[in-house]
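>>> coords please:
(chains A and B)
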Protein chains: 2
Amino acid sequence: MKTRDDYLALDAADPLRGLREQFSLPAGVIYLDGNSLGVLPKATAARVQDVITREWGGDLIKAWNTADWMHLPERVGDKIARLVGAAPGELVVADSTSLNLYKVLAAAIRIAQQDAPQRKLIVSERSNFPTDLYIAESLCQQHGFSLKLVDSVEEIPATLNAELAVLMLTEVNYRTGYKHDMAALTAAAQAAGALTVWDLAHSAGAVPVDLKGANADFAIGCGYKYLNGGPGAPAFVWVHPRHTDSFWQPLSGWMGHAAPFEFTPSYQPAPGIRRYVCGTPSVIGASALECGVDTVLAAEAHGGMAALREKSLALTEAFAALAEARCGEYGVYVVSPREPARRGSQVCLALKSPLQEAGYAVVQALIARGVIGDFRAGDPARLDQVPHILRFGFTPLYIGFVEVWDAVEHLRQVLASGEWQEPRFNTKGAVT
Amino acid sequence: MKTRDDYLALDAADPLRGLREQFSLPAGVIYLDGNSLGVLPKATAARVQDVITREWGGDLIKAWNTADWMHLPERVGDKIARLVGAAPGELVVADSTSLNLYKVLAAAIRIAQQDAPQRKLIVSERSNFPTDLYIAESLCQQHGFSLKLVDSVEEIPATLNAELAVLMLTEVNYRTGYKHDMAALTAAAQAAGALTVWDLAHSAGAVPVDLKGANADFAIGCGYKYLNGGPGAPAFVWVHPRHTDSFWQPLSGWMGHAAPFEFTPSYQPAPGIRRYVCGTPSVIGASALECGVDTVLAAEAHGGMAALREKSLALTEAFAALAEARCGEYGVYVVSPREPARRGSQVCLALKSPLQEAGYAVVQALIARGVIGDFRAGDPARLDQVPHILRFGFTPLYIGFVEVWDAVEHLRQVLASGEWQEPRFNTKGAVT
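Predicted structure coming up:
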């Protein structure tokens, strides 16, 4: 039987332990929500001050040249490319995840319309992050396509048929932490004549991604989760080079124009991925994002994403095992896959009868103790199949093993003491 | 004949002079480019630091509640609403000008398709800001509409006919500073059965705008020009309440959903203007924008937009008159309207033969002297009709009368000395 000292020893032996020093972590907090909003890098505040006071305040309009704001989307994009198996010049930072999905899904639909007009189906998971489904719904309405949602991963293969235009998946499911096999599903979808769109919101900076190796078609991702870019950070978009120049994405703003400062009245898209930039880039936001991306790139000196993945799997396996061993008697069970290859960097727990409704209050009681995870509601009509979820993200850059132990111990105490039943933990309204 | 002392006296008597103290203005610079990028408010750096270190760094995910990030789009939107004649709850901050135009133009097209399917024409100016034309071009392609561009304001009335679906104009033309009569054109377009979309990029914070008084249908605007929100600041979008709930704008991200944290797989737009928010708001960017908007609202204690407008007209008239009086002998003439009602807060100059090609170099020589304006190329094939433009913006919040005098004196010296002919001023590449 392991003890807390064993976890302290794991931290002491962790070759990535020093990476934690890159962050400002509030005292007394075990932050297991980096999959919703990454923590603040120490470098960010000073960098943003410099952008505001020196670049903007001092150079004013000249900073578009002196600070090269013009190429910020590519410069930060090239850094993210190193984390997701893309080449320089293939990925840009722009807008939000939702908007970037609109761009690439519109492109995929256009390609399908041209190459295979009988294909009018987009397949995704009902448990995909809702904004992806909402954007797909909008584009389906516009183009006479249908959105088919599967309830389990096992249903996907049967959808890879002659009607399928696009398979659109978030590589790591936001609710369950299930990690799809990107290479295998991409190959299977393409063998069936379809295109793939991958949302890397819970992948980039969390698990190794190899877009080119998987031969994916399109990908997007989020800047404010594992990339630590700050609240509402710009997102990113990648398009396989075989598709980039074939389509004018519909959000055709001037910053994606081939010559924006010629001020010509007709749109001519820039060559390459730059055409996926729309309006004027968010200079402050992209600069903060760059600091966040740098915290992940700092791991390159210590084995990079492979080393981060190894630690992430050790953290999540330790949490899952401890949660079941120490809290199983209170009805806690693990929803996320235990198979490493199928697990992202998060662990989702649920509660069995008679506590199947208690998840929200338990998460609130944990937050009151400084253990920050989040709650994702299940389907009230069938909680046995789609349970309420207690979601915990493990960012290997700054989470250590003893925090895993302590978080589980807090969970045990919350359940053993019944403190989650206090009225203050049962009042909804929190956004997490 | 007035002298520099007369302009110093105007500043001394200016009741708005104190508003300048809100800004960090670089020493030795006469900044006449606030219509491209507003200057840095003194409050911004500290506010952004607070958002980064206390709200994000300290409260992490809880800041969505504790700092009410969730309602930042509405909170800053309500402040901008006061500047443009809109009511609280009618305007939100979101995304970029280009993206917001995509949303409202898609809405206008949809309304036209439903109410008047024979109307398939969008009319705008060839000299409208290009991103507006590019977005319109994209939507026209998607919906089988046509974009008709007029070359002069006088051509607009004839286009208000039974084919017109949408009249889309930037209220103050970015090139010439010509200010359309929003109320009259809106009434005429609506009398002809069409809708209006107004871009307020060069209006909000620069001239009084009365969207409700003009009975406009849709409006968008920019955060980083006269609103001083910083480079790439979020933009804004307003929809007349009679249209807001009638349409699901196509960029249907989760933050415009009626219940984003219910995580339902189907899109249900939020009631009211919130549905025009798409992805997660740029918290840092919107917070910086709020500081900029506050600098304009500070004028409310001194007569508000009406007082700013009075000063703006005095500044621009003084600059136009001085430029022609003191630099006319070198071929300088004024392109912007001299009639106050038709002039925005900028003055555009051009150069007659034989200096009609010298504009770029003259602007560069002025910038080298610390007088920052910008250059907008004309039509090389017909410079007599569409000349190269030397563009100067006058932001009454922080520009004074003596700067008008000094800027003209620098221009006179640049032309009289011939220093603009130095090779260093004739090398293109600057972005302004």
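>>> who touches the closest residue to A:E21 other than its chain neighbours in this structure?
Leaving aside its sequence neighbours, A:E21 sits nearest to A:K42 (CB to CB, 6 or more residues apart in numbering or on different chains; 7.9 Å). Placement of C-beta: from N, CA and C, glycine included. The contact partners of A:K42, by CB atoms under 8 Å, 6 or more residues apart in numbering or on different chains, come to A:E21, A:Q22, A:F23, A:S24.
>>> now A:K42: how far from B:K103?
Using CB to CB, to the nearest Å, one obtains 38 Å as the distance from A:K42 to B:K103.
>>> near chain B, which residues of the stretch 151-300 of chain A? Just list them.
Listed as neighbours of chain B in the stretch 151-300 of chain A under the rule CB under 8 Å from any CB of the partner chain: A:175, A:224, A:230-235, A:248, A:250-255, A:257, A:260-267, A:278-286, A:288.
>>> grab the nearest non-local neighbour of the closest residue to chain B within the stretch 151-300 of chain A.
Closest residue of the stretch 151-300 of chain A to chain B, CB to the nearest CB: A:G279 (2.7 Å). Leaving out its chain neighbours, the residue that sits closest to A:G279 by CB to CB, 6+ apart is B:S96, at 2.7 Å.
>>> need the residue closest to the centroid of chain A.
The centroid of chain A falls nearest to A:A201 when counting by CA atoms, centre = their mean (1.9 Å).
>>> from what I see, A:Y178 and A:R338 are in contact.
No - using CB atoms under 8 Å, A:Y178 is not in contact with A:R338; the gap is 11.2 Å.
>>> who has more neighbours out of the two?
A:Y178 (23 against 13; other CB atoms under 10 Å in any protein chain shown).
>>> for that one, grab phi and psi.
Backbone torsions for A:Y178, taken as degrees, to the nearest 10, come to phi -60, psi 130.
>>> residues touching it, list them.
Counting by CB under 8 Å, 6+ apart, A:Y178 has contacts A:V153, A:V172, A:S336, A:P337, A:R342, A:R343, A:G344.
>>> quick one: residues contacting the residue nearest to the fifth one when sequence neighbours are not counted.
On the basis of CB to CB, 6+ apart, the spatially nearest residue to A:R342 that is not a chain neighbour turns out to be A:K179, at 5.3 Å. Residues touching A:K179, when contacts are defined by CB under 8 Å, 6+ apart, comprise A:E171, A:V172, A:N173, A:S203, A:V207, A:P337, A:A341, A:R342, A:R343, A:G344.
>>> again, but for A:D374
A:D33, A:S36, A:V363, A:R391, A:T432, B:I61.
>>> the contacts of A:K179, buried ones only, as a ChimeraX selection?
The following ChimeraX line selects those of the contacts of A:K179 that are buried, judged by 16 or more other CB atoms under 10 Å in any protein chain shown:
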select /A:171,172,173,203,207,337,342,343,344
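>>> kindly reformat the contacts of A:K179 as TSV containing pLDDT and secondary structure.
Formatted as TSV, these follow (pLDDT from 0 to 100; DSSP: H, G, I helix; E, B strand; the rest coil):
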residue	pLDDT	secondary structure
A:E171	98	coil
A:V172	98	strand
A:N173	96	coil
A:S203	98	coil
A:V207	98	coil
A:P337	96	coil
A:A341	97	helix
A:R342	98	helix
A:R343	97	strand
A:G344	98	coil
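>>> would JSON lines of the contacts of A:K179 with distance to B:A81 be doable?
Listed next are these as JSON lines, based on distance: CB to CB, whole Å:
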{"residue": "A:E171", "distance to B:A81": "41"}
{"residue": "A:V172", "distance to B:A81": "40"}
{"residue": "A:N173", "distance to B:A81": "40"}
{"residue": "A:S203", "distance to B:A81": "40"}
{"residue": "A:V207", "distance to B:A81": "44"}
{"residue": "A:P337", "distance to B:A81": "49"}
{"residue": "A:A341", "distance to B:A81": "52"}
{"residue": "A:R342", "distance to B:A81": "49"}
{"residue": "A:R343", "distance to B:A81": "47"}
{"residue": "A:G344", "distance to B:A81": "42"}
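>>> and the residue in the stretch 51-200 of chain A that chain B sits nearest to, how far from A:C222?
Closest approach of the stretch 51-200 of chain A to chain B (CB to the nearest CB) occurs at A:S96, with a separation of 2.7 Å. A:S96 is 8 Å from A:C222, where distance means CB to CB.
>>> against which helices or strands is the helix or strand where A:I220 lies packed?
Following DSSP states H and E, one finds A:I220 within strand A:218-221. Contact analysis of strand A:218-221 by 3 or more CB pairs under 8 Å, 6 or more residues apart in numbering or on different chains; DSSP states H and E lists helix A:97-115, strand A:195-199, strand A:235-239 as its packing neighbours.
>>> tell me where the stretch 251-400 of chain A has helices.
Counting by DSSP state H, counting those that start in this stretch, the stretch 251-400 of chain A has helices at residues A:283-297, A:304-327, A:359-368.
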